[in-house]
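In: Coordinates for the following, if possible.
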Amino acid sequence: MSKLQQGQKLPSFALNLIDGSALRLPDEMPTRYLALLFYRGHW
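Out: Below you'll find the model as predicted:
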């Protein structure tokens, strides 16, 4: 998968949440701008 360039649309995907539901991005986000942060835990 290549990096997104400025102005490109975020591809659709789903995130499974800890309560068992799913969040579908970017369809379920009401704003134009979206920032995703991923923290890779070290346990």
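In: What's opposite the residue nearest to residue 17 when sequence neighbours are not counted in the beta bridge?
Out: Nearest residue to residue 17, sequence neighbours excluded (CB to CB, 6 or more residues apart in numbering): residue 23, at 6.0 Å. All C-beta spots, glycine's among them, are computed from the backbone N, C-alpha and C. With beta bridges defined as DSSP bridges, residue 23 has these partners: residue 15.
In: Which helix or strand contains residue 28?
Out: Here residue 28 is covered by no helix or strand, with elements defined by DSSP states H and E.
In: Now do it: how many residues are near it, please.
Out: A count of neighbours around residue 28, defined by other CB atoms under 10 Å, yields 10.
In: swap in residue 29?
Out: Other residues within reach of residue 29, judged by other CB under 10 Å, total 12.
In: Against residue 40, how distant is it?
Out: In this structure, residue 29 and residue 40 are separated by 23 Å, where distance is defined by CB to CB, to the nearest Å.
In: Then residue 18?
Out: Between residue 18 and residue 40 the distance, using CB to CB, works out to 17 Å.
In: ditto for residue 3
Out: When distances are taken as CB to CB, residue 3 and residue 40 turn out to be 18 Å apart.
In: Count the residues that sit near residue 13.
Out: 11.
In: what does residue 25 give?
Out: Residues near residue 25, counting by other CB under 10 Å, number 15.
In: Repeat that for residue 39.
Out: Residue neighbour count, defined by other CB under 10 Å, stands at 5 for residue 39.
In: Where does it sit: helix, strand or coil?
Out: Applying DSSP: H, G, I helix; E, B strand; the rest coil to residue 39 yields a three-state assignment of coil.
In: How about the contacts made by the nearest residue to residue 4 once chain neighbours are set aside?
Out: Here the nearest residue to residue 4 in space, its sequence neighbours aside, is residue 10; by CB to CB, 6+ apart that works out to 6.9 Å. By CB atoms under 8 Å, 6 or more residues apart in numbering, the residues touching residue 10 are 4, 25-26, 34.
In: Remind me which helix or strand residue 10 belongs to.
Out: With DSSP H and E as the criterion, residue 10 is inside neither a helix nor a strand.
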